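> predicted model and sequence follow; I will ask about them next.
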Amino acid sequence: MSRIGKKPVPLPKGVTASVNGKTVHVKGPKGELSVTLVEEVDAKLDEHGITVSPRKDMERSDQMWGLSRTLVNNLVVGVTNGFSEKLEIQGVGYRAAVQGKNLNLQLGFSHDVAYPIPDGITITAEKPTMLTISGIDKQLVGQVAAEIRGWRPPEPYKGKGVRYAGEYVRRKEGKKK
């Protein structure tokens, strides 16, 4: 039994939802999102919100129950509050700047990295070494942050690179004489 799956997803004021077969559509003040659930779970709309329940008495239906409820909850949170991820850039000469629809990164390569910003994502550079990635789709925000971090992950000797805000990088001792 899923502890998360048992709870219905409440719909705050200003949020409307509809369930068409396996597809759940949620519309709110920040935008509109939808997710298609797997065959093993059912979703229905009632006075408490959106309730997700398993269809069959199988192991996979129990596994997908909590996941499906969390995906629906992410839709509701996304259209009401949105999601954001912060990245820090550390290193001499490492910096980032937003220019139009591109994010220009100087990460110690012989060339600048031009990262095209996807639709539905806003990237702001508060400082040249601090980026904030925000949007309504949690998966897309996390994917963009991971791709930017993937250009230069933090290295263990000097700690240079792109890291998530608050990420701990385990440092190694350098070469000895």
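Okay, I see it.

> could you list the domains of the protein?
With domains defined by automatic domain parsing, the chain comprises 3-80, 83-164.

> chain center to the longest one, what's the gap?
Right, domain 83-164. Computed by Cα atoms, centre = their mean, to the nearest Å, the chain-centroid distance of domain 83-164 equals 14 Å.

> tabulate the domains of the chain (a markdown table), appending distance to Arg170, mean neighbour count and mean pLDDT.
Placement of C-beta: from N, CA and C, glycine included. Shown next, in a markdown table, are the domains of the chain (distance: least, Cβ to Cβ, whole Å; neighbours: other Cβ atoms under 10 Å; pLDDT from 0 to 100):
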| stretch | distance to Arg170 | mean neighbour count | mean pLDDT |
| --- | --- | --- | --- |
| domain 3-80 | 30 | 16 | 89 |
| domain 83-164 | 6 | 15 | 93 |
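
> tabulate these (a markdown table), appending distance to Lys175.
Converted to a markdown table, these look like this (distance: least, Cβ to Cβ, whole Å):
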| stretch | distance to Lys175 |
| --- | --- |
| domain 3-80 | 46 |
| domain 83-164 | 9 |
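
> so which of those domains gets nearest Lys177?
Counting by Cβ to Cβ, Lys177 lies closest to domain 83-164 out of those; the figure is 16.1 Å.

> end to end, how far does that closest one reach?
One end of domain 83-164 to the other measures 14 Å (Cα to Cα, to the nearest Å).

> what does stretch 7-24 give?
Start-to-end, stretch 7-24 (Cα to Cα) is 17 Å.

> list the contacts of the residue lying closest to Gly31 once chain neighbours are set aside.
In this structure, Gly31 finds its nearest non-sequential neighbour in Ile136, 4.9 Å apart by Cβ to Cβ, 6 or more residues apart in numbering. Contacts for Ile136 were tallied using Cβ atoms under 8 Å, 6 or more residues apart in numbering; they are 30-31, 33, 78-79, 82-83, 120.

> against Arg3, how distant is Ile136?
27 Å (Cβ to Cβ, to the nearest Å).

> same thing with Gln99?
47 Å.

> would you mind naming the residues that bridge with Ser34?
The partner list for Ser34 in beta bridges (DSSP bridges) reads His25.

> how about the strands of this protein, start to end?
Assigned by DSSP state E, the chain shows strands spanning 16-20, 23-28, 31-36, 41-46, 49-54, 83-90, 95-99, 102-106, 113-116, 121-127, 130-135, 161-164.

> thanks a lot, catch you later.
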